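S.K.: Got a predicted structure plus its sequence, pasted below:
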2 protein chains.
Amino acid sequence: MRVTIADVARRARVSKATVSRVLNNRGEVDAGTAVRVREVIAATGYTPSAGAVGLARGRTQTVGVLVPHLTCPWMGDVLQGVSDVLEAHGYGLLLHTMNRGADSLTQFTRHVSGNAFDGLLLVEPPDPLSYLTGLRESSFPVVVVDDHGDHPGFPSVATSNRAGATAAATHLLATGRTRPVVISGPAALGCTRARTEGFHTPFTAAGHPTPHHVEADLTRTGGHAATTALLAENHEFDSVFTHNDLTAAGVLDALHEAHIDVPTQVAVIGFDDIDLAAHTQPPLTTVRRPSREMGEAAATILLANLAGAPFPTTPEIIPTELIIRASAP
Amino acid sequence: MRVTIADVARRARVSKATVSRVLNNRGEVDAGTAVRVREVIAATGYTPSAGAVGLARGRTQTVGVLVPHLTCPWMGDVLQGVSDVLEAHGYGLLLHTMNRGADSLTQFTRHVSGNAFDGLLLVEPPDPLSYLTGLRESSFPVVVVDDHGDHPGFPSVATSNRAGATAAATHLLATGRTRPVVISGPAALGCTRARTEGFHTPFTAAGHPTPHHVEADLTRTGGHAATTALLAENHEFDSVFTHNDLTAAGVLDALHEAHIDVPTQVAVIGFDDIDLAAHTQPPLTTVRRPSREMGEAAATILLANLAGAPFPTTPEIIPTELIIRASAP
DNA sequence: GTGAAAGCGCTAACAA
DNA sequence: TTGTTAGCGCTTTCAC
């Protein structure tokens, strides 16, 4: 049988209340008594039941995290950031996935309304998460890690998509490239616009025409196909900026097949800096998305709120960083 | 204020016990009453408090998962497998990391003894986890996902390291390679021995000498260094088998620098099949480690045990699969 | 400084 | 079939 607070109380010849006081470091306990209680605790190996404490206090010391799925390259980084911060503050992390679709979500909402956690971290929630509106109204503490800026009304953490793209463009210009192509995902995404516009700025500012722009699947094959098409139509370009690294890898493939040298003939810059980026041939220059730092920031904001602080009213922006490798030195 | 079971009971003019019966589908309720209760539940949007249920039942419907850290390439896959199974069975997943060292572990053990979860999944626990022995004795349900076979005494899920390595060797032999080099991690690891011996078998069986064997850091630079050393000492080889993909990528780098063609002059086979493997130049032939399936299996075994089934007495082995790509066609 | 007692929201005997 | 009564293990007034 588990040892409970009552057992400790009995063996220390005090009441449960006193044990509780010692446990929670309430000052109002006689030093001698406290020592005696602590000895019994040590001797019995007593640990308070998380569930019972939660029930009595109305707080579970647990944060829920909802991610679309666990298999994309940067998700681990985000989670690690979240986990480190939560752990450091003594909070547990209850992980939920939407991998199984609507079913997952039902389960998740049950956990939410079942008070299984004190606050919520939403990582890259897919756009039409209608049920989120319900959450917002309930004033349940939620922080969104959202690159797309698609969820106004929630406190959020994002990255500097625009500035990152601008840095990429500036670097290309500085290294003598003037005819870039931009390969982006669907224009509807918030981050697409930010990255595209951010990239345009330095070029137009320098008097160059607006860079050529192509939409594609943000996958390796998407990048490959888009590049092949560009080559087929004899579009002239001396550099490519893609909205993620996988796409850039596809671009490298296509250029390689066409015997176009990277970076002498065409420079390539990606976005994200996933593991793969350092391992392409040639290694990929890319705009690092600070996934881990975003996770840390989101967790920090949420915990601050649980501790009584108000949420910040504007998104917290973690800056990107241009990682220069051989594909665009 | 939250709506509680008492509220529902009052509005449905029954006792809390009856509401509880309806909630848990105990048959012994009058159909009419049940309908009435359900209506009130729907109308009020009542959801049972997870904590209270847990306290009353003595079970939290939650499983703890302890991973070394979240940033290694296949961890996401394992977790996705675990998460899918747990979710499908209505279990929550409490995630813990050992990223912050001893501190993490303390926190974790507090959660364990605090009864925060019903069972535990240990993913690749680093070798000397002394506190695990305490766990084993406590007969708390634990399943280990462990490639190394280093934790006897726990029910575990592993992969067929030996068979996978044998498959790699057989493939090399079948394609005319007779002088391979094996690059492994420290010999102390269980999986090192299995993979090394598994690889040797077909060669010695076919009358070839035991393959040359080198120990290295299982990193990209480790693979690079080992290969460079081999070349420097003029060791002759027509193929390389590494114990993970990152190392294989380093081997490819070194061969590339030495202007040795892959696969015509030297074939390369890795292990794991992480994302990177499909993206090296040339793409890497590798032994796929079924991470996701291992996660699923571990979760399934644990849940079965929580449901009353005994643990299997031998490790569950999920087979590897040889993925043939251009580095060893 | 300490204890008694009343919850927190639910489940589970035991009666009726 | 249903209600009553105890808990589950802890926190927290409120007296003393």
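M.R.: Yes, it's here.

S.K.: Around chain B, pick out the residues from the stretch 101-250 of chain A.
M.R.: Residues of the stretch 101-250 of chain A lying close to chain B by C-beta under 8 Å from any C-beta of the partner chain are A:103-104, A:107, A:110-111, A:113-116, A:220, A:249. (Each C-beta comes from the backbone N, C-alpha and C, glycine too.)

S.K.: May I ask which two of those are separated the most?
M.R.: A:115 and A:249 (44.3 Å; C-beta to C-beta).

S.K.: Just give the number of residues close to residue A:309.
M.R.: By other C-beta atoms under 10 Å in any protein chain shown, the residues close to residue A:309 number 10.

S.K.: Please read the previous query as pertaining to residue A:102.
M.R.: 8.

S.K.: what residues are up against it?
M.R.: By C-beta atoms under 8 Å, 6 or more residues apart in numbering or on different chains, no residues touch residue A:102.

S.K.: how much space between it and chain B?
M.R.: Distance of residue A:102 to chain B, given as C-beta to the nearest C-beta, to the nearest Å: 12 Å.

S.K.: if you average pLDDT over the host helix or strand of residue A:214, what comes out?
M.R.: Per DSSP states H and E: residue A:214 is located in strand A:212-215. Averaging pLDDT along strand A:212-215 gives 92.

S.K.: Can you tell me the strand partners of it and which way each runs?
M.R.: If you go by DSSP bridges, strand A:212-215 pairs up with strand A:180-184 (parallel).

S.K.: List of residues touching the partner strand?
M.R.: A:169, A:172, A:192, A:195-196, A:199, A:203, A:211-216, A:218, A:222-223, A:226-227, A:230, A:235, A:237-243, A:247, A:251.

S.K.: Could you double-check that residue A:55 lies in contact with residue B:50?
M.R.: No: with contact defined as C-beta atoms under 8 Å, residue A:55 does not reach residue B:50; the gap is 9.8 Å.

S.K.: The two: which has the busier surroundings?
M.R.: residue B:50 (26 against 20).

S.K.: pLDDT at the more buried one, what is it?
M.R.: 95.

S.K.: cool, residue A:129 as well?
M.R.: 63.

S.K.: likewise residue A:26?
M.R.: 88.

S.K.: next one: residue A:255
M.R.: Looking at residue A:255, the pLDDT reads 95.

S.K.: and what of residue A:304?
M.R.: 97.

S.K.: Can you name the helix or strand that it falls in?
M.R.: Going by DSSP H and E, residue A:304 is in helix A:291-306.

S.K.: Just the CA trace of that helix, in PDB.
M.R.: Extracted as PDB, the C-alpha positions of helix A:291-306 are listed here (Å, rounded to 0.1, in the frame of the first residue of the first chain):
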ATOM      1  CA  SER A 291      12.200  26.100 -33.200                       C
ATOM      2  CA  ARG A 292      13.600  25.300 -29.800                       C
ATOM      3  CA  GLU A 293      13.700  28.900 -28.700                       C
ATOM      4  CA  MET A 294      10.100  29.300 -29.800                       C
ATOM      5  CA  GLY A 295       9.100  26.300 -27.700                       C
ATOM      6  CA  GLU A 296      10.900  27.800 -24.700                       C
ATOM      7  CA  ALA A 297       9.300  31.200 -25.200                       C
ATOM      8  CA  ALA A 298       5.800  29.800 -25.500                       C
ATOM      9  CA  ALA A 299       6.200  27.700 -22.300                       C
ATOM     10  CA  THR A 300       7.700  30.600 -20.500                       C
ATOM     11  CA  ILE A 301       4.800  32.900 -21.400                       C
ATOM     12  CA  LEU A 302       2.300  30.300 -20.400                       C
ATOM     13  CA  LEU A 303       3.900  29.600 -17.000                       C
ATOM     14  CA  ALA A 304       4.100  33.300 -16.300                       C
ATOM     15  CA  ASN A 305       0.400  33.600 -16.900                       C
ATOM     16  CA  LEU A 306      -0.300  30.700 -14.700                       C
END
